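Q: quick one: sequence plus predicted model below, questions after.
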Amino acid sequence: MQKKYDAAVSKFVEEERKRREEAILRFEEFLNRYPDHPQYTPDALFRLAELHFEKAYDGYLEALEQYEVDLKKFDAGEMPEPPSEPRQDYRSTISLFDRLLGRWPDNRNADGAMYLKGYCLKEMGEDKPALDQFTTLVEKYPDSKFIPEAWLRIGEYFFDYNDLPKAIDAGKTVYVVDIR
């Protein structure tokens, strides 16, 4: 029964990957044709960045699965060197968000782009640039729906770097923000 289930899931995953690649191509074609359309280009950039994020995360999960397989082989003496742990790489996503925020800083998705850029930076281990992104977000868009999450990330940063008073202040802020 498990093999049948795994085969069905695998089929859907492959279909999702195929459709994502098609969507990426279509958005890239649109952006090549309309690189500066004030109404549609910012939305296309945002969605393309999200698609690149999904693709990169999916690739990371695949690499992580292979890493676990290889690690078991290494532990069993079947591999001479330990495998390298995969790293998350969201550079293409970040680049698209930079393009969006650079050209249309007040776009309706700017707060989401800032939050997701910060999240990507954090996941890539770039803690200080991520903190800067989250801090800018809470300063520039205090009414954004991403504010509670941004304050949580700010608090995590200070906790990780052992600045407990600032971590506590950020944590307190999360609970006084109007959560929608």
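A: Yep, that arrived.
Q: leaving out chain neighbours, which residue sits closest to residue 118?
A: residue 133 (3.4 Å; Cβ to Cβ, 6 or more residues apart in numbering). Placement of C-beta: from N, CA and C, glycine included.
Q: cool, and residue 98?
A: Spatially, and ignoring its direct neighbours in sequence, residue 98 is nearest to residue 117 (7.4 Å; Cβ to Cβ, 6+ apart).
Q: got it, and residue 112?
A: residue 146 (6.5 Å).
Q: and if you look at residue 41?
A: Take residue 41 and drop its neighbours on the chain: the residue closest to it by Cβ to Cβ, 6+ apart is residue 34, 5.8 Å away.
Q: still on that earlier bit, so which elements touch the helix or strand containing the residue nearest to residue 118?
A: If you go by DSSP states H and E, residue 133 is part of helix 127-140. Of the remaining helices and strands, those touching helix 127-140 by 3 or more Cβ pairs under 8 Å, 6 or more residues apart in numbering; DSSP states H and E are helix 110-123, helix 147-160.
Q: which residues are in contact with the closest residue to residue 160 other than its chain neighbours?
A: Spatially, and ignoring its direct neighbours in sequence, residue 160 is nearest to residue 127 (7.2 Å; Cβ to Cβ, 6+ apart). Contact partners of residue 127, counting by Cβ atoms under 8 Å, 6 or more residues apart in numbering, are 121, 157, 160, 161.
Q: go through this structure and flag its longest helix.
A: In the chain, taking DSSP state H as the definition, the longest helix is helix 41-75.
Q: distance of the spatially most central residue of the chain relative to residue 100?
A: Geometric centre of the chain, nearest residue: residue 120, 4.0 Å, by Cα atoms, centre = their mean. Counting by Cβ to Cβ, to the nearest Å, the gap from residue 120 to residue 100 is 13 Å.
Q: and the residue nearest to residue 156 when sequence neighbours are not counted, how close does it get to residue 28?
A: For residue 156, ignoring the flanking residues on the chain, the nearest one in space by Cβ to Cβ, 6+ apart is residue 167 at 7.6 Å. Shown here: residue 167 relative to residue 28, a distance of 41 Å by Cβ to Cβ.
Q: quick one: which of these two has more around it?
A: The neighbour count for residue 167 versus residue 28, taken as other Cβ atoms under 10 Å, is higher for residue 167 (18 against 13).
Q: quick check: the more buried one touching residue 159?
A: Yes. Counting by Cβ atoms under 8 Å, residue 167 touches residue 159, with 4.0 Å between them.
Q: check what pLDDT the residue nearest to residue 156 gets.
A: According to the prediction, residue 167 has pLDDT 92.
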